[in-house]
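**Student:** coords please:
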Amino acid sequence: GGYTHKILANLPEEANTYRAKSKILGPKGQYIKFIESKTKTKVQLRGRGSGFREGPHQKEADEPLHIFIIAQDESSLEDAKNQAESLLDHVRKEYEKQITMKNNSPHMGYRKYRGPPMNNPYQYNKPMYPSNNMMMPYPPNGQPLQPTQPNGQPPQPPKPNG
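**Tutor:** Residues are numbered from 1 along each chain as shown. Take a look at the predicted model:
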């Protein structure tokens, strides 16, 4: 008997490449164990990418990754739910960060971003002002540039005849 509750990880499926499973379980499963011991519940990571094999065929459940909680009573279920929610929230934020970094730094390629390489500080300390005026709004001040005559005056419109 008892109470059960499912909390979807709500991570995009490609997050499996991000090793969502190990991020949720924590080192050696510590995060899940922590929730279990703190709330006296049974907590499992199930679904695609969970590595949790169930049923007669010992396969992952064909459903999105989720945390499954089994509790003896409602209050411990609530506690476990809150713990699991905040854990997942943390994992999602970390995932967003990873993705943003990937998208914002094509030059980092697939390497994990570990901050600027220390052996070449110069490369990262380039002054921020635009080089070659690449970043300057063009034309300056939003004015179209007037072609100038050799004397520095803008060209005169041709005088109307008469």
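
**Student:** mind checking the pLDDT average for the helix or strand hosting residue 103?
**Tutor:** Assigned by DSSP states H and E, residue 103 falls within helix 74-104. Regarding helix 74-104, the rounded mean pLDDT is 90.

**Student:** list the buried ones in it?
**Tutor:** When burial is assessed from 16 or more other Cβ atoms under 10 Å, helix 74-104 yields the following buried residues: 76-77, 79-81, 83-84, 87-88, 91-92, 95. C-betas here are computed from N, CA, C, even on glycine.

**Student:** in what helix or strand does the nearest residue to residue 44 once chain neighbours are set aside lie?
**Tutor:** Distances taken as Cβ to Cβ, 6 or more residues apart in numbering place residue 68 nearest to residue 44, at 4.6 Å, with adjacent residues excluded. Per DSSP H and E: residue 68 is located in strand 66-71.

**Student:** output the below-cut-off pLDDT ranges for the chain.
**Tutor:** 1, 15-18, 105-157, 162 (pLDDT under 70).

**Student:** got the CA coordinates for the strand holding residue 68 in PDB?
**Tutor:** Output in PDB follows, covering the C-alpha atoms of strand 66-71 (Å, rounded to 0.1, in the frame of the first residue of the first chain):
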ATOM      1  CA  HIS A  66      10.800  11.000 -14.000                       C
ATOM      2  CA  ILE A  67      11.300  10.600 -10.300                       C
ATOM      3  CA  PHE A  68       9.000   8.000  -8.700                       C
ATOM      4  CA  ILE A  69       8.300   8.300  -5.000                       C
ATOM      5  CA  ILE A  70       6.800   5.600  -2.800                       C
ATOM      6  CA  ALA A  71       5.800   6.800   0.600                       C
END
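
**Student:** parallel or antiparallel, list what pairs with that strand.
**Tutor:** With DSSP bridges as the test, strand 66-71 is paired with strand 3-8 (antiparallel), strand 42-46 (antiparallel).

**Student:** now that strand against helix 74-104, angle please.
**Tutor:** 170 degrees (axes from the mean of the first three to the mean of the last three Cα atoms, to 10 degrees).

**Student:** what residues does strand 66-71 touch?
**Tutor:** 2-9, 24, 32, 39-47, 50, 77, 80-81, 84, 87-88 (Cβ atoms under 8 Å, 6 or more residues apart in numbering).

**Student:** go again using 7 Å as the cut-off
**Tutor:** 2-9, 41-47, 77, 80-81, 84, 88 (Cβ atoms under 7 Å, 6 or more residues apart in numbering).

**Student:** go on, stretch 27-35?
**Tutor:** 24-26, 43, 45, 80, 83-84, 87.
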